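1. I need the structure of the sequence given here:
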Amino acid sequence: MPRLSFCQHAHFYQPPREDPFTGVIPQEIGAEPYGNFNEKITAECYQPNAEMGNFERISFNIGPTLALWMEKFAPATLDLIVAADKKRLNAVAQVYNHTILPLASSADKEIQIRWGITDFMRRFCRVPQGMWLAETAVDVPTLDALAKAGVAYTVLAPWQAAGTAPRSSAEVDTTKPYVVQLPKNRSITVFFFDPNFSVALHRTSRLTAQQIAQEIFPMRLDNAWFGPRSGQTLFAASDGEYFGHHYPGRDALLRDLTLTEGPAAGYDPISLNEWLDRVKPQDAIEIQNFTAWSCEHGLDRWSRDCECARDNSVPAISGNWKGPLRAAMNRLAEHIDAVYFTQSFRWLRNAHEARLAAIEPLRGWLDWDQFFIEQGSDDFVRAPESLRTAIHEKLRRLFLAQYYRQLMFTSCGFFFEDLSRIEPVNNIRYAAMAIKSTNMVAPEVPSFADAFATDLAECRSVRTGQSGAELFLREWDRAEQLLA
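-> Okay, here's the model as predicted:
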């Protein structure tokens, strides 16, 4: 019988934890004996998986905000991860800072995808075939934006396929890829992971790698509905942090399963890129708009009160703050964008394209002077040197505002149960930084802070009783003191 294959995709990601006013990650409670969770998870997950060679035998994506931290504080581990891709070409790109794209504007979809692709190309020195969507949150415009950017595939949960019952994979064959038809004859490939197989790999502590390979693998294919076994691939997907951080010892299990036990049982580990090279999708499928892998209620978890984000120990907790917070940030983003385009259009050849390209100088991959040579308008090039220097600084601050204006939509800020948690507070800090950066360019910006505070008055923390306005004004005062 022809050999079968299995693919484990691991989504490795951490949100930006740095205080934007200081650039430093504060001491995080619960990360002891480490200073913060990036350090803790690196020691428990990223480093051991890299040293065991696991990154060479799986499909994976590493979030740009995590990779940025690793460049500074865990470079040896990041080097091993990049080297693993050079051997197998098995890395996948990710939208830049884990924004829920179906809830984002079309312009923000494009920015998140372009910045994610640019980060991938700078890090792995090649064009990505696939892209991981934050929380696998999807709608047709999101898939279309991926396809327009040249992305060949993404990963979804089976319950995100149209026509299936909630949380059911009965109508989706997870052992093969599908194609989703998009507007204007575009299309994209989708891999649907097997949720039961995924849980068996990372969460079932009683099973050994040998038992998974010899018992679970054939069990997941032992179903007449699947048809012929030849050429099929078992597919699991999960947060990469499950392997060693959330579930100690599963990093060693992943090593044993991919290195020895799987192949010994007749199952070879492959990546999504290898899978797509071997098997082209034959069957078309439609997706359910506004769905994700981590919420049973569409995208409620990131936009309104949702049972998925309740804290049973505090019955009064609700997510009623999420809608007003997102609405406030959407309005603030519109204000900041208006200033950006008004203040930059004369000095840039194409303000929209320049914003897409700005991640290169923002991340230090390209000198700002070279960036403005490439993106500056004729008026900018012809301006006297003294004026050009002033315009240079003005545009740099506008781009910095755009960077933080993207970070304020980081999904973690809407994921949990209460407004007072560090994740939504960090998003509010990013908003304050976006306003401060814009404030240095346009005199009307102080009113943005007032309007933002007014909008946030509708949000309230059950735990502390503080409103969003109080949280923002506290952070705004800190910014005024630290950035004066």
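2. can we go C-alpha only for contacts and neighbour counts from here?
-> OK.
3. Excluding chain neighbours, what is closest to Met433?
-> Counting by CA to CA, 6 or more residues apart in numbering, Tyr404 is the residue found nearest to Met433 once chain neighbours are left out, at 6.4 Å.
4. Please verify my assumption that the one you found contacts Ile428.
-> No - at 10.1 Å, Tyr404 does not count as touching Ile428 under the criterion of CA atoms under 8 Å.
5. who's more crowded, these two?
-> Ile428 (27 against 20; other CA atoms under 10 Å).
6. list the contacts for the more buried one?
-> Listed by CA atoms under 8 Å, 6 or more residues apart in numbering, the contact partners of Ile428 are Met408, Leu471, Phe472, Glu475.
7. want to throw the residues you listed into TSV with neighbour count and distance to Ala484?
-> Formatted as TSV, those follow (neighbours: other CA atoms under 10 Å; distance: CA to CA, whole Å):
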residue	neighbour count	distance to Ala484
Met408	27	22
Leu471	22	20
Phe472	22	17
Glu475	21	14
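8. Sort out for me which of these are in helices.
-> Among those, the members found in helices (DSSP state H) are Leu471, Phe472, Glu475.
9. got the residue ranges for the strands in the stretch 201-350 of the chain?
-> For the stretch 201-350 of the chain, the strands defined by DSSP state E, counting those that start in this stretch cover 233-239, 267-269.
10. and Arg310, which of the ones you listed is closest to it?
-> strand 233-239 (21.0 Å; CA to CA).
11. How far off centre is the closest one?
-> Taking CA atoms, centre = their mean, to the nearest Å, one finds strand 233-239 lying 18 Å from the centre of the chain it belongs to.
12. again, but for stretch 134-143
-> 11 Å.
13. Quick one: residues in contact with it.
-> Under CA under 8 Å, 6+ apart, the answer for stretch 134-143 is 94-95, 98-102, 106, 109, 155-157, 182, 188, 287-294, 299, 411.
14. try 7 Å this time
-> 95, 98-102, 109, 155-156, 288-294 (CA atoms under 7 Å, 6 or more residues apart in numbering).
15. Next: stretch 401-415.
-> Residues contacting stretch 401-415 (CA under 7 Å, 6+ apart): 97-100, 301-302, 309, 322, 333, 423-424, 427-428, 430-431, 433-435, 437-438.
16. same deal with stretch 362-375?
-> Residues contacting stretch 362-375 (CA under 7 Å, 6+ apart): Leu348, Arg349, Ala354, Glu360, Pro361.
17. Just the buried subset of those, written out for ChimeraX, thanks.
-> Selecting the buried subset of the contacts of stretch 362-375 in ChimeraX, with 16 or more other CA atoms under 10 Å as the burial test, is done by:
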select :348,349,354,360,361
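18. which among the contacts of stretch 362-375 gets closest to Leu66?
-> Glu360 (16.7 Å).
19. For that closest one, list the residues it contacts.
-> Leu366.
20. Could you tell me how far Ala157 is located from Ser187?
-> 18 Å (CA to CA, to the nearest Å).
21. more neighbours, the two?
-> Neighbour count, other CA under 10 Å: between Ala157 and Ser187, Ala157 has more, with 25 against 20.
22. Local confidence estimate at the more buried one?
-> pLDDT for Ala157: 96.
23. my read: it touches Asn196, true?
-> No - the pair Ala157 / Asn196 is not scored as a contact, 11.2 Å apart, by CA atoms under 7 Å.
24. contacting residues around the longest strand anywhere in the chain?
-> Of all the segments assigned as strand in the chain under DSSP state E, the longest by residue count is strand 4-12. For strand 4-12, the external contacting residues (CA under 7 Å, 6+ apart) are 58-63, 230-241, 266-272.
25. Out of the strands of the stretch 201-350 of the chain, which is closest to Ala338?
-> strand 233-239 (37.0 Å).
26. Each with direction, which strands does the closest one pair with?
-> Strand 233-239 has its sheet partners listed here by DSSP bridges as strand 4-12 (parallel).
27. which is the next helix or strand following the partner strand?
-> helix 37-41 (DSSP states H and E).
28. What average pLDDT does that following helix get?
-> 98.
29. just stretch 47-54 next, same as before
-> 98.
30. So which of the contacts of stretch 362-375 are in helices?
-> Ala354, Glu360, Pro361.
31. nearest to Leu80, of these?
-> For the ones in helices among the contacts of stretch 362-375, the nearest to Leu80 is Glu360 (23.2 Å; CA to CA).
32. picking up where we left off before, just checking, which of the contacts of stretch 401-415 belong to helices?
-> 322, 333, 423-424, 427-428, 430-431, 433-435, 437-438.
33. Poorly predicted segments of the stretch 51-200 of the chain, please.
-> Residue ranges of the stretch 51-200 of the chain with pLDDT under 70: 163-170.
34. residue ranges of the helices in it, please?
-> Ranges of helices in the stretch 51-200 of the chain, per DSSP state H, counting those that start in this stretch, are 64-73, 75-88, 106-124, 140-148, 195-202.
35. what angle sits between the strand or helix carrying Ala451 and helix 422-439?
-> Counting by DSSP H and E, the element that carries Ala451 is helix 446-456. Relative orientation of helix 446-456 and helix 422-439, computed by axes from the mean of the first three to the mean of the last three CA atoms, to 10 degrees: 160 degrees.
36. what about the spatially most central residue of the chain, distance to Ala333?
-> Among the residues of the chain, the one closest to the centroid is His98, at 2.8 Å (CA atoms, centre = their mean). Per CA to CA, His98 is found 17 Å from Ala333.
37. So what's the residue count around the closest residue to Pro64 other than its chain neighbours?
-> Nearest residue to Pro64 in three dimensions, chain neighbours excluded: Tyr96, at 5.9 Å (CA to CA, 6+ apart). Residues within reach of Tyr96, counting by other CA under 10 Å, total 27.
38. Tell me, how many residues neighbour Pro443?
-> Count around Pro443 with other CA under 10 Å applied: 9.
39. what's the answer for the one 3 residues further on, then?
-> A total of 15 residues lie near Pro446 under the criterion other CA under 10 Å.
40. Now for it: which residues touch it?
-> So Pro446 contacts Asn439 (CA under 7 Å, 6+ apart).
41. That one and Val190, how far apart?
-> 45 Å.
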